[in-house]
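Trainee: the sequence and its predicted three-dimensional model are supplied below.
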Amino acid sequence: MKPLEQHPSWLKFCEAAEAAPINNNPLRVIEAAGLSVDLTGQAYSEALQSAGERLLADRQFTYWREALLSGAVVNVTENRAAWHSMLRKPAPLPEVTAERSRLNEFIRQADSERRWRNIIHIGIGGSDWGVRLTQAAFGYAGTWRRVRFASNIDGHSLAGAMAGLDPKETLIVIASKSFTTAETLQNAEQARQWLLAAGINDIGQHVAAITSRPDLAQQWGVAPSHIFTMWDWVGGRFSLWSSVSLTTGLAVSVDVVAGMQAGAAAMDAHFASAPLAKNAPVAMALAGIVNRSVLNYGSLNIAPYDARLGNLVPYLQQLEMESLGKSVDTDGNPVAVPTGPVVWGMPGTDGQHTFFQWLHQGSDGAPVDFIVCQTADHTWADHHRLLLANCLAQREALMTGKSYEEALDECRRSGLEADQAQWLAKHRVHPGGRPTSLIVLPRLSPYTLGALLALYEHKVFVQGVIWGINPFDQWGVEYGKVLADGINQELRDGKPTKNHDASTAYWLEQFVKGS
Ligand code: F6P
């Protein structure tokens, strides 16, 4: 594929983006799978829209979208499909239907016997974040089963997860697509010791595994009836849609899993068929490309105004940064423009009291995606009104800002002397014009959360297509894993080598001496 910067349409897109206003744009809201995506606060003009559509055509967007949704190879460096959309189809492949039924039956049986009061979910990255997100979103008020997570190799993580739980009442869920991830296997082994120490001999009955390597799970000792499939054609960071949802089903309910699949499938249908100007993932992708590659914003802030979405930011960090943290295109050429942004944030209103000052008046600023539910699921109207007010107010301030004249007028009216007012006014100016989006969910339901996650997935995909990078591999992470294996061996053998940079070699020696 031609490098991006060699397309005349890219240059036209950049010109149109630089000329497009951000402030005072007419209302632009796209309805998609039950969500309202308000892009009024993003750079926009008709010229930019047509330049964007031209660019998409040049980057063969329709071809790639079809390839993605039909399960063709889109992960070219690993020669694999990225067919997560298949897992949420109302009528998926027969093997997917069969596995869904087996999983649901497993959960139904466990529920009917009131088995496993506790679950320790062991997995990392895509085998962890989606489950944590869903658990917090729909289990926030507590569930009959206590769910704990152990992802990090730091033993404190697993020790904390086990603390106070009776092993006899606990199911260990090992989620690992590869069943080779060092952290997960180490934590799983420790969990096995914990079960054995409690006198449990039928380990297989206290463990379930979700993996695309059932052979390895069986070798580990998991009973075949407790092993659920994760298909090779689904990337790790999309595994929320696979049998990884076992923990969600056991902890909250299978209806949550089904509802999320339905919402995501609705977003898939919207992505597949809505015209480009009304296609929410496409419109968000174009806005993101403008912000990152034309306006040079290095990051994207995610501000979910919903305490239940506390794990949305790390979930999206993996989705966006593992997918778009690349700087060569699929032909191996450097991409000439900045690609995937840093993604960061936390739920509002906590974020307001943590870093919003930087967003409002810092020298760099960042585009912000505000996410809020129109209706809450508690009955405290004042709380929700205040939450909505804060969300809208922060966004308005970032969009429209406050000029020096306005600030001066404010200072004068507060009774300050002229020179004091002029001095203070300079501190109270808000530049405004910071790009923002507002995504409104009617309420937080499995359906709307599913749609929201699929919205971001497809946005990321479209950006990958435009930049020409493969959003489905993660060679950087893989390299780190290989190095960690080697270093681990040197530490274990107590034989640090000199085959490292000066600092790593020094600390290896120190750690061996100190152990
Ligand atoms: O972080 C790299 C990664 O490969 C992710 O893509 C994946 O979600 C995670 O590791 C866990 O991998 P696995 O499910 O194979 O244990």
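Mentor: Alright, I've got the coordinates.

Trainee: how about the residues of this structure near the ligand?
Mentor: Listed as neighbours of the ligand in the chain under the rule Cβ under 6 Å from any ligand atom: 124-127, 176-178, 181, 184, 236-237, 322, 474, 477. C-beta: built from backbone N, CA, C; applies to glycine.

Trainee: of those, buried ones?
Mentor: Buried residues within the residues of the chain next to the ligand, counting neighbours by 16 or more other Cβ atoms under 10 Å: 124, 125, 126, 127, 176, 177, 181, 184, 236, 237, 322, 474.

Trainee: now those residues in TSV, with distance to residue 459 and secondary structure?
Mentor: Formatted as TSV, those follow (distance: Cβ to Cβ, whole Å; DSSP: H, G, I helix; E, B strand; the rest coil):
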residue	distance to residue 459	secondary structure
124	24	coil
125	20	helix
126	17	helix
127	23	helix
176	27	coil
177	23	coil
181	27	coil
184	29	helix
236	19	helix
237	14	helix
322	15	helix
474	18	coil
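
Trainee: and which of these is nearest to residue 157?
Mentor: Of all those, residue 157 sits closest to residue 124, with 9.8 Å by Cβ to Cβ.

Trainee: hang on, isn't the closest one packed against residue 184?
Mentor: Yes - if you go by Cβ atoms under 8 Å, residue 124 and residue 184 touch, sitting 5.8 Å apart.

Trainee: anything in contact with each of these two?
Mentor: 151, 176 (Cβ atoms under 8 Å, 6 or more residues apart in numbering).

Trainee: which strands and helices lie in contact with the helix or strand residue 343 falls within?
Mentor: Element membership of residue 343, judged by DSSP states H and E, is strand 342-345. In this structure, strand 342-345 packs against strand 299-305, helix 312-317, with contacts taken as 3 or more Cβ pairs under 8 Å, 6 or more residues apart in numbering; DSSP states H and E.

Trainee: dump these into a markdown table; add mean pLDDT and mean neighbour count as well.
Mentor: A markdown table is the format used below for those (pLDDT from 0 to 100; neighbours: other Cβ atoms under 10 Å):
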| stretch | mean pLDDT | mean neighbour count |
| --- | --- | --- |
| strand 299-305 | 98 | 25 |
| helix 312-317 | 98 | 22 |
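
Trainee: sheet partners, orientation included, of the strand holding residue 343?
Mentor: strand 299-305 (parallel) (DSSP bridges).

Trainee: what does the partner strand contact?
Mentor: Here strand 299-305 has contacts from 288, 291-292, 312-313, 316, 320, 341-349, 351, 359, 366-373, 387-388, 390-391, 394, using Cβ under 8 Å, 6+ apart.

Trainee: from residue 399, how far off is residue 429?
Mentor: Residue 429 is 15 Å from residue 399, where distance means Cβ to Cβ, to the nearest Å.

Trainee: so between the two, which is more surrounded?
Mentor: residue 399 (22 against 16; other Cβ atoms under 10 Å).

Trainee: excluding covalently adjacent residues, which one is nearest to that one?
Mentor: Closest residue in space to residue 399, ignoring its immediate chain neighbours: residue 41 at 4.7 Å, by Cβ to Cβ, 6 or more residues apart in numbering.

Trainee: count of neighbours near that neighbour?
Mentor: Residue 41, neighbours per other Cβ under 10 Å, totals 25.
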